[in-house]
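[1] Dropping the sequence and predicted coords here.
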Amino acid sequence: MSTRPAPKIGLHFDYFMWLFTRLSALAMYALAIVGAIGALWMGARTSMQLPDLMRWAFMPESTHVRSTNVTDLLAWRTLFWQIMGSLVVMLASAHGLHGVLSILEDYLSGPRLRRALRLLVLVVWIAICAIGIYVILTF
Amino acid sequence: MGLKRNVGLLEGLRYQGKGPMLTFILHRISGLSMVTFIGLHILASFLMKQAFSSTAGIYINQIYENWIFQVYIFFCVLFHSINGLRIVILDFWPKLIEHQREAIWLEWCIFLPLFGLAAYLLVLNGLGA
């Protein structure tokens, strides 16, 4: 029965990921606020309902406004919104996959297993970023 | 190979951690749900864009875009983000941890009206108004 060694104190990978989780949460708040303000700027007050506005703020992707009264979809898929969406995909998937890793490490231990899990999470992150950005850029 | 625990499942279920325990559990459940279902949604959207028109992608997205599922995803996203903001604030200003229980009450006061309004509108649209 091997247990996880106590975390070291000082600057190391676990600390940076701890910090990244918090800072990426704040960054996603900033992106959501920019998304909501942008949507209101483009007339969401009259063309969208609250859930649609929330969905757009969470993930600014033009198919998310298809079910609303927005007529000109092209304004919602400009380069600016595509970059915003890509940033959300990269930040949110890194945040989420690191969260999965830390849940798994609460139940699994062993240094080799941990290394393998970290590698797997990195590969999945790169794959989901590529797929997500592809979906945003093609329409 | 798990960590050694001297608490059984039944004993663990009887543990009454109250507010902080509830937010901890909901944070984990909502986080895992978002990774699973939004990941599937991204994958399904990718499959739908392929030349071999994928029915798997269409079915997955039909389930995902169903209003019942949307209410669940809205719960996950809103709860995880508001609870996450509380965690960030309390972690960056450790002196505030003294007021953790008040922070959790405040969190529910922000979460419930926001989620209630969004869920009400989603259900209203879903029931075909």
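    Received, thanks.
[2] The helix or strand hosting B:Tyr64 near chain A at all?
    Secondary structure assignment for B:Tyr64, by DSSP states H and E: helix B:55-65. No - against chain A, helix B:55-65 shows no contacts by Cβ under 8 Å from any Cβ of the partner chain, the least distance being 8.6 Å. Heads up, the C-betas are built off the backbone N, CA and C, glycines and all.
[3] Can you name the next helix or strand after that helix?
    Trace forward from helix B:55-65 with DSSP H and E and the next one is helix B:67-92.
[4] Show me what from chain A comes close to chain B.
    So chain A meets chain B at A:1-4, A:22, A:25-26, A:28-29, A:32, A:49-51, A:54, A:58, A:63, A:89, A:92-93, A:96-97, A:99-100, A:103, A:106-110, A:113, A:128, A:131-132, A:134-135, A:138 (Cβ under 8 Å from any Cβ).
[5] Now restrict those residues to buried residues only.
    The neighbour-count test (16 or more other Cβ atoms under 10 Å in any protein chain shown) marks A:22, A:25, A:28, A:32, A:49, A:51, A:54, A:58, A:89, A:92-93, A:96-97, A:99-100, A:109, A:128, A:131-132, A:135 as buried among the residues of chain A next to chain B.
[6] So which of the residues you listed sit within strands?
    If you go by DSSP state E, those have nothing in strands.
[7] what's the angle between the longest helix along chain B and helix B:67-92?
    What stands out as the longest helix in chain B, according to DSSP state H, is helix B:18-48. Taking axes from the mean of the first three to the mean of the last three Cα atoms, to 10 degrees, one finds helix B:18-48 and helix B:67-92 inclined to each other by 130 degrees.
[8] can helix B:18-48 be found next to chain A?
    Yes - contact of helix B:18-48 with chain A (Cβ under 8 Å from any Cβ) involves B:Arg28, B:Gly31, B:Leu32, B:Met34, B:Val35, B:Ile38, B:Gly39, B:Ile42, B:Leu43, B:Ser45, B:Phe46.
[9] Next up, the contacts around the second one.
    Under the criterion of Cβ atoms under 8 Å, 6 or more residues apart in numbering or on different chains, the neighbours of B:Gly31 are A:Gly96, A:Gly99, A:Val100, A:Ile103, B:Cys76, B:His80.
[10] can you check the fifth one too?
    The contact partners of B:Val35, taken as Cβ under 8 Å, 6+ apart, are A:Gly96, A:Leu97, A:Gly99, A:Val100.
[11] Relative to B:Leu43, how far out is the last one?
    Right, A:Val100. From A:Val100 across to B:Leu43, the span is 16 Å (Cβ to Cβ, to the nearest Å).
[12] and if you look at the second one?
    Applying Cβ to Cβ, the value for A:Leu97 to B:Leu43 is 14 Å.
[13] where's A:Leu117, which helix or strand?
    Assigned by DSSP H and E, A:Leu117 falls in helix A:111-137.
[14] What's the PyMOL line that selects buried ones from the residues of helix B:18-48 next to chain A?
    Buried residues within the residues of helix B:18-48 next to chain A, by 16+ other Cβ under 10 Å, are selected in PyMOL with:
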select buried, chain B and resi 31+34+35+38+39+42+43+45+46
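[15] Export the residues of helix B:18-48 next to chain A to TSV and append columns for distance to A:His12.
    Output for the residues of helix B:18-48 next to chain A, formatted as TSV (distance: Cβ to Cβ, whole Å):
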residue	distance to A:His12
B:Arg28	24
B:Gly31	24
B:Leu32	26
B:Met34	28
B:Val35	25
B:Ile38	30
B:Gly39	28
B:Ile42	31
B:Leu43	33
B:Ser45	37
B:Phe46	35
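[16] which ones are touching residue 86?
    You didn't say which chain, so I picked chain A. A:Gly132, A:Ile133, A:Ile136, A:Leu137.
[17] other chain: chain B
    B:Thr23, B:Ala103, B:Ile104, B:Leu106, B:Glu107.
[18] Now with 7 Å, please.
    B:Ala103, B:Glu107 (Cβ atoms under 7 Å, 6 or more residues apart in numbering or on different chains).
[19] For chain A, which residue occupies the most central location?
    Compute the mean C-alpha point of chain A, and by Cα atoms, centre = their mean the closest residue is A:Ala92, 1.4 Å away.
[20] What sits closest to that one if chain neighbours are left out?
    Closest residue in space to A:Ala92, ignoring its immediate chain neighbours: A:Met28 at 6.3 Å, by Cβ to Cβ, 6 or more residues apart in numbering or on different chains.
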